[in-house]
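J.: Pasting the sequence and the predicted coordinates here, then a few questions.
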Amino acid sequence: MRTQVGIIGAGPAGLVLARLLQREGIDAVILERRSRPYVEGRVRAGVLEHGTADLLEDLGVGARMRREGMVHRGIELRFAGAGHRIDLEGLTGRTITVYGQQEVVKDLIAARLADGLPLHFEAEVTGVDGTTVTYKHDGVEQRLECDVVAGCDGSHGVTAGALPAGAVRRHERVYPYAWLGILARAPAANEELVYAYHERGFALHSMRTPEIVRLYLQVPPGTDLAEWPDERIWDELRRRLGLPLVAGPVLERGVTPMRSVVVEPMRHDRLFLAGDAAHIVPPTGAKGLNLAVADVRVLAEALTAYFRDGDEKLMDAYSDTCLRRVWQVQRFSNWMTSMLHRHPGDDPFDHGLQVAELAYVTGSTAAATTLAENYVGLPR
Ligand code: RFL
Ligand code: PHB
C-alpha cells in the first residue's frame, strides 16, 4: 500500500488531520491499533475551546456537536466554602462547548467511513523506518509506503520512540497526585463546570449531558479503585465540591496519573508528531484535545504547501510553530494544576498563598481575564 500521508492513530489528532487533508485533496491512510468500539467508547476529555468547536463545524462534522453539546459561558472556582464565577464570555467574548471527546471521535469516524476513505482498525503499527510504516493487521505484517508520516499515536504510541535518541529532548514533570474520575448517570448539580480547591484536595464537577455527570477527585498516585466504593466517592465529592450532588449509577471509573511531557523537536525528517504523541498536559486546564487539534491545523497547512507547491518552508517551521503554543499551554495547565491541588507536604503558608491566588484570580478583572483567555483558547 502507498499513500501521501500515513497517519498513525485514530484519536482526535489523526482524525482531524485526515479531514483537513481531505479538504485539500491530499491522500491519507489512518492506521489504528484498537477496534472501532474501543476507540468510540474511550471516555476522556469534555471541553472544546471556541476555536476547536468552530473548526469541527467548518469541517462538516459539527452538526451533532451543535445539537447535543452544551455551550458554557463561564466556569466556577470554589474555595474557602464559596463559589466564584469566571465569566468567560463577558471577559473574552468567547465560550466553550462541553461535548465528549468520544462523541467528537465518533462523528469524525462516521464522516470518514461515509466518504469511503481509508481508516483501518486493529492495525497496530510496529515500526516506522523513514517513510515506511510496518503494521500488523489480522495477524499479518504489512507495509505502508508514505511520502510523509504523521505520528498521532498518543502518549503510549511508537512514533515518539522512532525519533533518533540524539536528535530529540524529552522534558517531563510528574505531579505527586492523580485524578480518580467517574462518569455517572446523575443530574448535574450546577449548570457550569466547578473547579474546587479544598483542604482535602481538588475536585471537579463536569458533565456530558444534563443527566450524565463527569466528576474527578484528587487522589494519591497509584490509588487502588478497590479502596473507593461508590459511597465513598460520592461523599468525598460532596464534601470537596460543596454541592448537593445526587448519586446515580457509575458508568465508568478510572485513575489517571498527572504529568507534563514535551518532546522537542516534534519532527524528524519526514516524521511529524502531533497531539499526545508529542506532549502531555495535566488535565486541569482541559487542554489536551484542543492542543492536539491546534497541532494538526499547523501540520495540514504545512503539508498542503508541500504537496501543492513543493514548498517545505512551513514543514521546516512546524515544530517551532507548534512548540510556542505547546509551552504556553503547559504554562497554563501547570498554573491551574498548582493553584487547585493540595501538594503533599505543604504547610499553612503554602495554603495561605494558594487561597490568596484564588482570591486574586476571582477578584481582579485583570487576573480573571488571564485565566479566561487561556481557558477559551489563545488565538492561533
Ligand atoms: P489519543 O486520543 O490518545 O489517540 C491516539 C490513538 O493512537 C492509537 N495508537 C496506535 N495506533 C496504531 N499503532 C500504534 N502503535 C498505536 N499506538 C497508539 C491509540 O489507540 C489512539 O486511538 O491522542 P490524540 O489524538 O493526540 O488526542 C489527545 C487527547 O486524547 C488527550 O490530550 C485528551 O484526552 C486529554 N484530556 C483532555 N483534553 C482536553 O482538551 N479537554 C479535557 O477536558 C480533557 N480532559 C483528558 C481529560 C485526558 C484524560 N485522561 C484520561 C488522560 C481528562 C482525562 C481524565
Ligand atoms: C471533563 O469534562 O472530562 C473535563 C473537564 C474539565 C477538565 C478536565 C476534564 O479540566
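T.: Noted; the coordinates are in hand. Numbering: from 1, shown residues only. Ligands and ions are numbered 1, 2, ... in the order given.
J.: Any part of stretch 148-158 near ligand 1?
T.: Yes. Using C-beta under 6 Å from any ligand atom, stretch 148-158 reaches ligand 1 at Cys152, Asp153, Gly154, His156, Gly157, Val158. No exception for glycine: its C-beta is placed from N, CA and C like everyone else's.
J.: end-to-end on that stretch?
T.: One end of stretch 148-158 to the other measures 16 Å (C-alpha to C-alpha, to the nearest Å).
J.: Please spell out which residues along it are buried.
T.: Neighbour-count burial for stretch 148-158, with 16 or more other C-beta atoms under 10 Å as criterion, is recorded at Val148, Val149, Ala150, Gly151, Cys152, Asp153, Gly154, Gly157, Val158.
J.: Of these, which belong to strands?
T.: Val148, Val149, Ala150, Gly151 (DSSP state E).
J.: Please identify which pair of the residues you listed lies farthest apart.
T.: Val148 and Gly151 (10.6 Å; C-beta to C-beta).
J.: Pull up the overlap in contacts between these two.
T.: Here Val148 and Gly151 have Leu271, Phe272 as joint contacts, going by C-beta atoms under 8 Å, 6 or more residues apart in numbering.
J.: that older thread, can you put the buried residues of stretch 148-158 in JSON lines and add pLDDT and distance to Lys136?
T.: As requested, the buried residues of stretch 148-158 are arranged in JSON lines below (pLDDT from 0 to 100; distance: C-beta to C-beta, whole Å):
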{"residue": "Val148", "pLDDT": "98", "distance to Lys136": "22"}
{"residue": "Val149", "pLDDT": "98", "distance to Lys136": "17"}
{"residue": "Ala150", "pLDDT": "98", "distance to Lys136": "19"}
{"residue": "Gly151", "pLDDT": "98", "distance to Lys136": "17"}
{"residue": "Cys152", "pLDDT": "98", "distance to Lys136": "18"}
{"residue": "Asp153", "pLDDT": "98", "distance to Lys136": "14"}
{"residue": "Gly154", "pLDDT": "98", "distance to Lys136": "18"}
{"residue": "Gly157", "pLDDT": "96", "distance to Lys136": "15"}
{"residue": "Val158", "pLDDT": "97", "distance to Lys136": "12"}
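J.: Report the secondary structure state of Tyr135.
T.: Look at Tyr135: counting by DSSP: H, G, I helix; E, B strand; the rest coil, its state is strand.
J.: how many other residues sit next to it?
T.: 24 (other C-beta atoms under 10 Å).
J.: isn't it right next to Glu122, touching?
T.: No. Tyr135 lies out of contact with Glu122 (C-beta atoms under 8 Å); the separation is 9.9 Å.
J.: Tell me which residue in the stretch 101-250 of the chain sits closest to ligand 2.
T.: Closest residue of the stretch 101-250 of the chain to ligand 2, C-beta to the nearest ligand atom: Ser206 (3.2 Å).
J.: which SSE is the residue lying closest to that residue once chain neighbours are set aside in?
T.: Leaving aside its chain neighbours, Ser206 sits nearest to Arg214 (4.3 Å; criterion: C-beta to C-beta, 6 or more residues apart in numbering). Taking DSSP states H and E as the criterion, Arg214 maps to strand 212-219.
J.: Now for Ala82, how many residues are close by?
T.: 10.
J.: Ramachandran coordinates for it?
T.: phi -140, psi 150 (degrees, to the nearest 10).
J.: Quick one: residues in contact with stretch 68-78.
T.: 48, 53, 83-90, 95-99, 103, 190-198, 207, 209-210, 241-242, 340, 358, 361-362, 375.
J.: What residue in the stretch 251-380 of the chain comes nearest to ligand 2?
T.: Nearest residue of the stretch 251-380 of the chain to ligand 2, counting by C-beta to the nearest ligand atom: Ala286, 3.5 Å away.
J.: Near ligand 2, which residues of this protein? Just list them.
T.: Residues of the chain lying near ligand 2 (C-beta under 6 Å from any ligand atom): Ala45, Gly46, Val47, Leu193, Leu204, Ser206, Arg214, Pro283, Thr284, Ala286.
J.: and the residues you listed, which two are the farthest apart?
T.: Most distant of these, by C-beta to C-beta, are Arg214 and Thr284, 14.0 Å apart.
J.: how about the strands in the stretch 151-300 of the chain?
T.: 169-185, 194-196, 203-209, 212-219, 250-264, 267-268, 271-273, 279-280 (DSSP state E, counting those that start in this stretch).
J.: I'd like those as CSV, with mean pLDDT and mean neighbour count appended.
T.: Formatted as CSV, the strands of the stretch 151-300 of the chain follow (pLDDT from 0 to 100; neighbours: other C-beta atoms under 10 Å):
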stretch, mean pLDDT, mean neighbour count
strand 169-185, 97, 17
strand 194-196, 98, 24
strand 203-209, 96, 22
strand 212-219, 97, 23
strand 250-264, 97, 16
strand 267-268, 96, 20
strand 271-273, 98, 27
strand 279-280, 98, 26
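J.: my guess is His137 meets Thr126, correct?
T.: No. The pair His137 / Thr126 is not scored as a contact, 10.7 Å apart, by C-beta under 8 Å.
J.: Buried residues, the longest helix seen in the chain. List them.
T.: Longest helix of the chain, by residue count under DSSP state H: helix 313-340. By neighbour count on 16+ other C-beta under 10 Å, the buried set for helix 313-340 is 314-315, 318-319, 321-323, 325-326, 329-330, 332-337, 339-340.
J.: same thing with stretch 185-192?
T.: Ala186, Ala188, Ala189, Asn190, Glu192.
J.: Fine by me, thanks again.
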